[in-house]
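[1] just need the structure, nothing else, for what follows:
(chains A and B, ligands or ions: 2)
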Amino acid sequence: MIAIEHLSKRFKTAAGKDHLALSDINLELKSGEFVSIIGPSGCGKSTLLYMIGGFIPASEGRILIDGKPVAGPGPDRGPVFQEFALFAWKTVLQNIAYGLRLQGKSKAEAEARARVLLKMVGLERFANFYPKELSGGMKQRVAIARTLAYDPQTLLMDEPFGALDAHTRTHLQRDLLQIWEEHRKTVLFVTHSVEEAVYLSDRVIVMAAGPGRIDRIIPIELDRPRQRSELMFDRRYQEYITQIEGMIDAFETEAA
Amino acid sequence: MTANSKLIGLVPILGLVLLWGWLAASGMAPRALLPSPVDVVQRLFELLADPDFLAQIGTTLFRLVSGFLIALVLGTVLAVLSASSEVTQTAVNAFVRILAPLPKIALYPAMILILGFGHSSKIALVVIEAAFPIYLATYQGMRNVDKKLVWAARSAGASRLHCLLFVMLPAAAPSILTGARVALVISCIVVFLSEMMSSTEGLGYVLIDAARNFRTIDMFVPIILISALGLGLGAGLSALRRKLLVGYPQD
Ligand SMILES: Nc1ncnc2c1ncn2[C@@H]1O[C@H](COP(=O)(O)OP(=O)(O)O)[C@@H](O)[C@H]1O
Ligand SMILES: [Mg+2]
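    Ligands and ions are numbered 1, 2, ... in the order given. Next up is the predicted model:
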């Protein structure tokens, strides 16, 4: 379980002023829960994920993971970035085996496990390719496999499908959901797409900017496992989307 | 590079040789001072059959390559040190800022006094000249590494040191090799210069010795050879670059 208590983040601007990026965030994530964050650009979604990842320190408040405060990055929390962040000098297989090698597994053992993950993301034919030889969607599949390889309890996904075309995006959403159904990791998923958030999540957190804060949390009570084709005809699904889009529109009218 | 564009690269060289040939033939400069390229090439092949002369090339090549390689290691180690923490960064940068604007050749007399007239003083001069571009390129390259690459590694369980050596350093490889290319050219210049100034062997010495004795043809041979060495080593570095950077974007 992840508990976020009174979390704030201030950045020093170049002019030397304090900039309050996140203000008093309180949130609990249950184990195995899929939670999406949606909100306008600059409301601190990435910053929140980075603090949970232990990549940047909090200014105030704390983050507890199973009762222990976060003090830095660790293999219990695996990030997936919009920009993939793959190791250019490693092949697909070596990228995925990376975390396993760090855990002290032998090369053969790590690569065998990496092949299983590669198969899971449907890229077994690309084991010896370099990242630059793959499409965006394939790169993100590799990045997801690289993170799943060290078996983190929590996935921190920052607009992972934001750079992909609509078709690829739909595929990856479906596959991610399938992987999640199977492994039930806690997922914190930042997105700009309301549809994506509703389709994937148990709860959708709507954030507001200036300063970044949680505006509302909406539980998505749709049955699982979910099929996109079925949801399209589900009135509740449509209502969730309309409701959340209405809220975001309201912010934007406010801001304008 | 395609075969075609390689051929185009030969055009300026050919042009230069033609210009030289025309100048020599025109009689604008006395023949004794400006020999024709044909005479020089002929002399070059004569000398290449002479084991003593080959030893001179060997000497220069040895100084050049060892100086360059030591600079590569030194520059890279300093850059890693600099990237490793705030304290080391301040220390290394202070060191670099003091030494960088200094004409390193000014240290050469001191090096000769300390290290003698042999290989060591030449290699030392090459090292301090060539280490700077490598340091600067590597340092910049490591600073510009995408943070997310490091975060991805740290989350996978990598230590800070592991990240520095096995994530940031390889991520900076394209910059390091660009620095190395500059450093190689500098090494060629500096080794030749150091041998011209004080040496009893090497191509630079051959040139000075020929000049002192008014053997003008023999003056041009080492010039051609140091260019050829630079060209050959540069081509080797390019091949290595292609091999090392196989997975990197572009290049
Ligand atoms: N390193 C930083 N230095 C200064 N300000 C930052 C830094 N990172 C983010 N910010 C600021 O914090 C706010 C939140 O940024 P971010 O978390 O990237 O938003 P989001 O991901 O929701 O678009 C923005 O106003 C941004 O300008
Ligand atoms: Mg963001």
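[2] host element of B:Ile134?
    For B:Ile134, the element it lies in under DSSP states H and E is helix B:119-143.
[3] mean confidence for the helix or strand immediately after that helix in the chain?
    Proceeding N to C from helix B:119-143, the next assigned helix or strand is helix B:147-155, under DSSP H and E. The pLDDT scores in helix B:147-155 average 98.
[4] do stretch A:229-239 as well
    Here the average pLDDT along stretch A:229-239 is 94.
[5] show me what contacts the residue in the stretch 51-200 of chain B positioned nearest to chain A?
    Residue nearest to chain A within the stretch 51-200 of chain B (CB to the nearest CB): B:Ala156, separated by 3.5 Å. Yep, even glycine has a C-beta here, placed from its N, CA and C like the rest. B:Ala156 makes contacts with A:Pro75, A:Gly78, A:Tyr98, A:Gly99, A:Leu102, A:Arg146, A:Thr147, A:Ala149, A:Tyr150, as judged by CB atoms under 8 Å, 6 or more residues apart in numbering or on different chains.
[6] confidence score at the last one?
    Which is A:Tyr150. In this model, A:Tyr150 is scored at 97, pLDDT.
[7] quick one: secondary structure of the spatially closest residue to it that is not a sequence neighbour?
    Among residues not flanking A:Tyr150 along the chain, A:Gly99 sits closest, at 3.4 Å (CB to CB, 6 or more residues apart in numbering or on different chains). For A:Gly99, the assignment made with DSSP: H, G, I helix; E, B strand; the rest coil gives helix.
[8] ok now do A:Gly99, which residues does it touch?
    Applying CB under 8 Å, 6+ apart, we find A:Gly99 in contact with A:Pro75, A:Arg146, A:Thr147, A:Ala149, A:Tyr150, B:Ala156, B:Gly157.
[9] please repeat the previous calculation with a cut-off of 6 Å.
    By CB atoms under 6 Å, 6 or more residues apart in numbering or on different chains, the residues touching A:Gly99 are A:Ala149, A:Tyr150, B:Ala156.
[10] what's the burial count for the second one?
    As a burial measure, the neighbour count of A:Tyr150 was computed by other CB atoms under 10 Å in any protein chain shown and equals 21.
[11] ligand 1 versus that one, what's the distance?
    25 Å (CB to the nearest ligand atom, to the nearest Å).
[12] next one: the first one
    In this view, A:Ala149 and ligand 1 are 26 Å apart by CB to the nearest ligand atom.
[13] now do the buried residues in stretch A:155-175.
    Within stretch A:155-175, the residues that qualify as buried are A:155-164, A:168-170, A:172-173, counting by 16 or more other CB atoms under 10 Å in any protein chain shown.
[14] before we move on, what about stretch B:222-229?
    Buried positions in stretch B:222-229, judged by neighbour count with 16+ other CB under 10 Å: B:Pro222, B:Leu225, B:Ile226, B:Leu229.
[15] I'd like the average pLDDT over whichever strand or helix holds the second one.
    With secondary structure defined by DSSP H and E, B:Leu225 is part of helix B:216-244. Taken as a whole, helix B:216-244 carries a mean pLDDT of 94.
[16] so how far is it from its chain's centroid?
    Distance of helix B:216-244 from its chain centroid, counting by CA atoms, centre = their mean, to the nearest Å, is 10 Å.
[17] tell me what that helix is packed against?
    helix B:37-48, helix B:173-197, helix B:203-212 (3 or more CB pairs under 6 Å, 6 or more residues apart in numbering or on different chains; DSSP states H and E).
[18] got the angle for the first one vs helix B:203-212?
    Put simply, helix B:37-48 runs at 120 degrees to helix B:203-212, going by axes from the mean of the first three to the mean of the last three CA atoms, to 10 degrees.
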